[in-house]
Structure formats: C-alpha cells, structure tokens
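Engineer: Need the 3D shape of this:
(one chain, ligands or ions: 2)
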Amino acid sequence: MEPKLWNQFEKALKKRVGSVSYQRWLSQLKLQKFLPHKVILTCPNKFVLDWIRLKYYKDIITTFKLLMGKEFSIEFLVSESNDKKTETSPPRQLSLPGTERYLTGLPFVNREYTFNNFVVGPSNHLAYASALAVSERKPRIYNPLFFYSSEGLGKTHLSSAMGQKIFYENPDIKVFYTTAEWFTHEMIQALRKNRILEFKEKYRRQCDVLVIEDIQFLQGKEKTQEEIFYTLDTLIQMDKQVVLTANSNPREINNLKENLKSRMGSGLVVDIKPPDYETKKNIILRKGAEENVKISEEVADYIARTIKSNIRDLKSAVIQLIANASLLGEKIDLKLAKETLKGFVQKRMVDVTDIQKFISHHFKVTPDQLQSRSRSRAISYPRQVAYYFCRKYTDRTLTDIGKYFNRNHSSVLRALNNFEIALRTNRGVRDALNYLTQKFEETYF
Ligand code: ADP
Ligand code: MG
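Structural biologist: Numbers count the residues shown, from 1 in each chain. Ligands and ions are numbered 1, 2, ... in the order given. Take a look at the predicted model:
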C-alpha cells in the first residue's frame with residue numbers, strides 16, 4: 001500500500017470514529033504489510049491491541065472496504081520493538097500512550113475484573129448496585145462509596161470494574177486507582193524530594209474519580225491519614241467521586257483518626273459478605289464456562305460445600321481442577337474434585353523463613369545471600385520471588401517481610417512492583433513462577 005493510501009485510510013478512519021477516539025487509540029496503528037486480501041497492522045502493546053480489536057474492528061474493516069472497494073481481513077500484531085521492551089518503573093500497568101490519566105495512580109489490578117463477570121447474589125448485590133450506579137455517573141449521592149469485607153470477596157474486582165468502566169466510557173474523566181500503601185509510599189517519596197506540593201495538587205486537583213484500596217493500611221500512620229483526610233475533603237467538596245475499600249467498617253479500623261473515620265463513613269458504607277451456597281455454585285459454573293469446561297451439578301455442589309474461605313479460593317479451586325483434568329487427561333468428576341481440593345482444605349501455615357528456605361533451595365542461593373545487599377540478578381530475582389510468595393502465603397506486612405531481608409518497606413514494594421511487571425511482560429518469568437508455585441504448594445500444603 002502506498003503511503004498516500006495509508007494516509008487516506010487514516011483520515012477516513014478518523015472521520016468515522018471521531019478525533020478523540022482516533023487520537024487516543026487508532027493513531028497508534030501502523031501498517032506492517034499489505035497483502036492481496038489481508039492487511040497486517042501493528043500496535044505498540046497488547047492492551048491497545050485488545051482494545052482496538054474489541055471496539056474498532058468493524059470500523060477498520062469498513063473503512064478499508066470503502067476505500068479499496070473490496071473486503072480485507074485484518075490481522076493485528078504487537079510491534080516487535082515494543083513487545084520486547086520491559087518496563088522498569090512501577091506504576092504503569094496500563095501504560096496508555098497518549099493518555100495521562102494513569103500517570104500517577106497504580107494500574108488497575110486486572111482488566112478482567114468487569115461487571116459482566118461479577119456474579120451477583122444476596123451477599124454482594126448492594127455493593128454491585130452501588131458500584132454500577134457510580135460508574136454510570138449518577139448524581140453523586142454515594143460519596144465516598146466505601147466497601148468493606150474480609151479477603152477475597154470482591155472489593156478489588158468491583159472497584160476495578162467501576163474504575164475501568166468510567167475510564168473507558170468517559171474520555172475526559174481522570175480516574176485514579178491506588179492503594180493506601182502506594183499512596184503512603186508516594187507521599188514519603190514526595191516529601192523526600194521536596195515535591196509534596198506537587199503531590200497534593202495531583203490528588204486534590206487533578207483527579208475526577210479517586211479509588212483508594214485497603215485503607216486499613218493507614219493504621220497508625222498519622223501523616224498519611226492527615227493527607228488523605230484533606231484530599232478526600234477537597235475532592236468531595238468539589239463533587240468528585242471517591243471510592244474506598246478496607247477489610248472492615250471505617251469505624252472499626254483501629255488507630256485511625258476520628259475525623260478520618262467519620263469522613264470515610266459519611267457516604268455509603270457497604271459490606272460484602274461471604275457468598276451463600278447458590279452464589280458459590282453460580283461462580284463455579286460461570287468460571288467453568290469461562291474456561292469452556294462443563295462442570296457437573298454434583299462437582300459444583302461438592303466444591304461449593306467444601307470451600308468455605310472466600311471467592312478467591314473458590315475460583316482457584318476450579319482452575320486447579322480444570323488444570324489437573326487436562327494435565328492428567330482425566331474427566332472432571334467427583335473423584336478428581338476430591339483429590340484436587342485436599343490441598344485447599346488443609347492449608348498449613350507458612351512463614352517467611354519457610355519461603356526463604358524454599359527459594360534458596362530452588363535458586364541455589366543461601367538465605368544469607370537473599371538477605372544481603374547484593375543487587376546482582378542472580379540474587380535479586382530469587383529475592384523478588386520470595387517477596388511475592390511472602391505476600392501470597394503469609395499475612396505479614398511489607399515492613400515485616402522487609403525485616404527478614406534487611407530491607408525497608410518501600411524497597412520491598414518497589415521490588416514487588418517490578419516483579420509484577422515482569423510477570424505480565426515476560427512469559428519466562430510467568431512460567432517459572434507457575435512451576436515454583438506448584439512445587440511450593442506441593443511441599444507446604
Ligand atoms: P478482595 O479485594 O475483596 O480481597 P478480590 O476482588 O480480589 O477480593 O476478589 C478475589 C477473587 O474473587 C478475584 O479473582 C475476583 O474476580 C473473584 N470474585 C470476587 N467476587 C466475585 C463475584 N461476585 N463474581 C465473580 N468473581 C468474584
Ligand atoms: Mg483487594
């Protein structure tokens with residue numbers, strides 16, 4: 001295709017979808033190859049690619065058709081130079097070229113957390129309805145909206161679904177997603193670098209929707225509490241939406257200043273309860289369907305009755321079951337379900353030292369080396385995996401974990417962020433982690 005034709009295509013597409021959408025998304029498309037019946041286009045990353053494919057596929061096909069007088073099939077690829085590049089600085093999970101809306105917040109945990117795949121039942125319907133109302137930009141009567149529940153019951157799922165829906169449907173609205181932990185970290189950095197005014201300005205003036213998760217982290221941190229208090233106050237007065245989550249009711253979080261507690265509790269406070277039997281079954285069947293696997297009534301019933309902890313465990317049990325069936329070439333029946341679930345029922349407690357031992361053994365480094373100042377990759381990579389396991393398998397705080405490795409809390413946090421980026425961008429790291437996770441669980445659970 002001549003450059004001129006490609007130019008015409010771009011113009012026509014821009015006209016078709018409007019210049020905002022074009023600038024934000026489609027301007028990132030590049031022509032890679034033009035074949036007799038097929039056009040190969042590239043985008044800078046998978047996220048942009050998915051989005052374009054989902055939203056603009058038809059527009060692209062039609063524009064080509066109008067321009068060239070015949071139908072072309074379209075293939076999208078991630079451009080190679082970008083595919084290989086791994087990001088180094090943390091908070092850019094959804095790094096969207098051309099948008100500044102995430103620059104300061106953390107990325108949403110998971111783009112797959114949507115309203116569509118959230119199973120609603122009596123335990124969570126109020127939380128669901130209020131998150132949906134907020135994302136539809138109804139007049140802001142739920143401000144702040146505060147979700148609380150114990151682990152693994154859907155706070156992050158819902159707040160991400162809400163934030164993402166607003167983000168994608170309202171190009172002009174700035175959505176910030178962060179955690180109390182990251183907010184604290186950023187604030188400390190800003191203080192250190194004499195940039196606290198910038199920091200304040202950013203949160204108070206530059207966001208339209210602010211999500212802060214895991215507020216319980218602020219316990220005893222008076223400075224951050226004060227900053228968050230003024231941030232919330234300013235935002236709410238300006239009628240900007242605030243959404244908060246925590247593991248308990250704001251009034252029951254210890255070591256939190258009274259004014260902050262009442263500020264946080266002044267909108268709508270909703271708790272998410274553990275799911276009832278029916279909801280659990282729906283989640284199991286839905287998860288099966290998502291993986292294209294039919295789970296029988298009998299097996300669903302067994303899993304729903306056996307897993308009592310939370311939805312996270314429920315979903316992992318289903319995934320594990322499907323994985324086992326496919327690995328062993330067996331069908332998913334009650335016998336396999338019983339075997340699979342053994343590990344979930346008898347969870348043993350593991351601590352940081354178990355993890356250090358395990359990681360040392362597998363990476364052939366000594367626990368001393370893990371705790372040393374060494375930054376060589378042969379040591380820092382196992383150390384990152386160890387942090388990751390500590391987060392996953394223990395209830396320890398980052399500060400606690402840090403102590404075992406002679407690190408402070410923000411150093412652990414940074415390493416974890418880097419590791420999570422590597423996990424998303426590097427298949428090798430993902431595969432290695434899956435392998436290690438399996439070994440670890442075989443050893444300890
Ligand atoms: P929390 O933030 O409360 O600890 P998450 O939002 O991380 O919990 O949820 C844990 C897991 O359970 C996630 O995989 C999430 O998708 C899933 N989950 C939670 N609630 C539901 C639901 N109602 N329907 C489907 N999946 C759910
Ligand atoms: Mg969460």
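
Engineer: With just CA atoms, put stretch 235-251 into PDB.
Structural biologist: Provided in PDB are the C-alpha atoms of stretch 235-251 (Å, rounded to 0.1, in the frame of the first residue of the first chain):
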ATOM      1  CA  LEU A 235     -12.400  16.100  46.400                       C
ATOM      2  CA  ILE A 236     -15.800  15.600  47.900                       C
ATOM      3  CA  GLN A 237     -16.400  19.300  48.200                       C
ATOM      4  CA  MET A 238     -15.700  19.600  44.600                       C
ATOM      5  CA  ASP A 239     -18.200  16.800  43.900                       C
ATOM      6  CA  LYS A 240     -15.500  14.400  42.700                       C
ATOM      7  CA  GLN A 241     -16.200  10.700  43.300                       C
ATOM      8  CA  VAL A 242     -14.200   8.900  45.900                       C
ATOM      9  CA  VAL A 243     -14.300   5.100  46.300                       C
ATOM     10  CA  LEU A 244     -12.600   3.400  49.300                       C
ATOM     11  CA  THR A 245     -12.100  -0.200  50.300                       C
ATOM     12  CA  ALA A 246     -10.900  -1.900  53.500                       C
ATOM     13  CA  ASN A 247     -11.100  -5.000  55.500                       C
ATOM     14  CA  SER A 248     -13.600  -3.600  58.000                       C
ATOM     15  CA  ASN A 249     -16.000  -0.800  58.600                       C
ATOM     16  CA  PRO A 250     -14.300   2.600  58.800                       C
ATOM     17  CA  ARG A 251     -15.500   3.000  62.300                       C
END
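
Engineer: Show me which residues of the protein sit near ligand 1.
Structural biologist: 113, 118-119, 124, 149, 151-157, 283, 311-312, 315 (CB under 6 Å from any ligand atom). For glycine as for every other residue, the C-beta is placed from the backbone atoms N, C-alpha and C.

Engineer: Please name the nearest non-neighbouring residue to the closest residue to ligand 2 within the stretch 301-445 of the chain.
Structural biologist: Nearest residue of the stretch 301-445 of the chain to ligand 2, counting by CB to the ion: Arg312, 9.1 Å away. If the residues on either side of it in the chain are set aside, Arg312 comes closest to Gly152, at 3.3 Å by CB to CB, 6 or more residues apart in numbering.

Engineer: now Leu235
Structural biologist: Val242 (5.5 Å).

Engineer: re the thing from before, regarding the residue nearest to Arg312, what is its secondary structure?
Structural biologist: Assigned by DSSP: H, G, I helix; E, B strand; the rest coil, the conformation of Gly152 is coil.

Engineer: ok, it - contacts?
Structural biologist: Counting by CB atoms under 8 Å, 6 or more residues apart in numbering, Gly152 makes contact with 309-313.

Engineer: Model confidence for the closest residue to ligand 2 within the stretch 151-300 of the chain, exactly?
Structural biologist: Residue nearest to ligand 2 within the stretch 151-300 of the chain: Thr156 (3.3 Å; CB to the ion). Looking at Thr156, its pLDDT is 92.

Engineer: Surely it is within a helix?
Structural biologist: Yes: assigned with three-state DSSP, Thr156 falls within a helix.

Engineer: For Ala127, give me its contacts.
Structural biologist: 147, 154, 158, 270-272.

Engineer: That should have said Ala304, apologies.
Structural biologist: 277, 280-281, 284, 314.

Engineer: Quick check: phi and psi on it?
Structural biologist: Per-residue torsions, Ala304: phi -60, psi -40 (degrees, to the nearest 10).

Engineer: Let me know the pLDDT of it.
Structural biologist: What the model reports for Ala304 is a pLDDT of 94.

Engineer: okay but Glu290 is in contact with Asn117, surely?
Structural biologist: Yes: the pair Glu290 / Asn117 is scored as a contact, 7.0 Å apart, by CB atoms under 8 Å.

Engineer: still on that earlier bit, helix, strand or coil: sort out the residue nearest to Leu235 for me.
Structural biologist: Of the three states, Val242 takes strand under three-state DSSP.

Engineer: give me every residue that touches it.
Structural biologist: Val242 sits next to 143-145, 209-212, 232, 235-236, 267 when contact means CB under 8 Å, 6+ apart.

Engineer: Any chance of these in JSON lines with distance to Lys342 and secondary structure as columns?
Structural biologist: Compiled in JSON lines, the contacts of Val242 are given as follows (distance: CB to CB, whole Å; DSSP: H, G, I helix; E, B strand; the rest coil):
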{"residue": "Asn143", "distance to Lys342": "46", "secondary structure": "coil"}
{"residue": "Pro144", "distance to Lys342": "42", "secondary structure": "coil"}
{"residue": "Leu145", "distance to Lys342": "39", "secondary structure": "strand"}
{"residue": "Val209", "distance to Lys342": "43", "secondary structure": "strand"}
{"residue": "Leu210", "distance to Lys342": "43", "secondary structure": "strand"}
{"residue": "Val211", "distance to Lys342": "37", "secondary structure": "strand"}
{"residue": "Ile212", "distance to Lys342": "38", "secondary structure": "strand"}
{"residue": "Leu232", "distance to Lys342": "46", "secondary structure": "helix"}
{"residue": "Leu235", "distance to Lys342": "48", "secondary structure": "helix"}
{"residue": "Ile236", "distance to Lys342": "49", "secondary structure": "helix"}
{"residue": "Gly267", "distance to Lys342": "44", "secondary structure": "coil"}
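
Engineer: coming back round to it: now tabulate the contacts of Gly152 in JSON lines and tack on neighbour count and pLDDT.
Structural biologist: Converted to JSON lines, the contacts of Gly152 look like this (neighbours: other CB atoms under 10 Å; pLDDT from 0 to 100):
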{"residue": "Ser309", "neighbour count": "16", "pLDDT": "81"}
{"residue": "Asn310", "neighbour count": "16", "pLDDT": "89"}
{"residue": "Ile311", "neighbour count": "24", "pLDDT": "94"}
{"residue": "Arg312", "neighbour count": "15", "pLDDT": "90"}
{"residue": "Asp313", "neighbour count": "18", "pLDDT": "88"}
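
Engineer: what's the spacing between stretch 216-234 and its chain's center?
Structural biologist: Centroid separation between stretch 216-234 and its chain, computed with CA atoms, centre = their mean, to the nearest Å, is 23 Å.

Engineer: for the helix or strand harbouring Lys11, packing partners?
Structural biologist: Using DSSP states H and E, Lys11 maps to helix 3-17. Applying 3 or more CB pairs under 8 Å, 6 or more residues apart in numbering; DSSP states H and E, one finds that helix 3-17 contacts helix 46-68.

Engineer: So what touches the helix it packs on?
Structural biologist: With CB under 8 Å, 6+ apart, helix 46-68 has contacts from 5, 8-9, 12-13, 16-17, 21, 25-26, 28-29, 39, 41, 43, 71-72, 74, 76-78, 94-97, 111.

Engineer: Having no further points to raise, I will conclude here.
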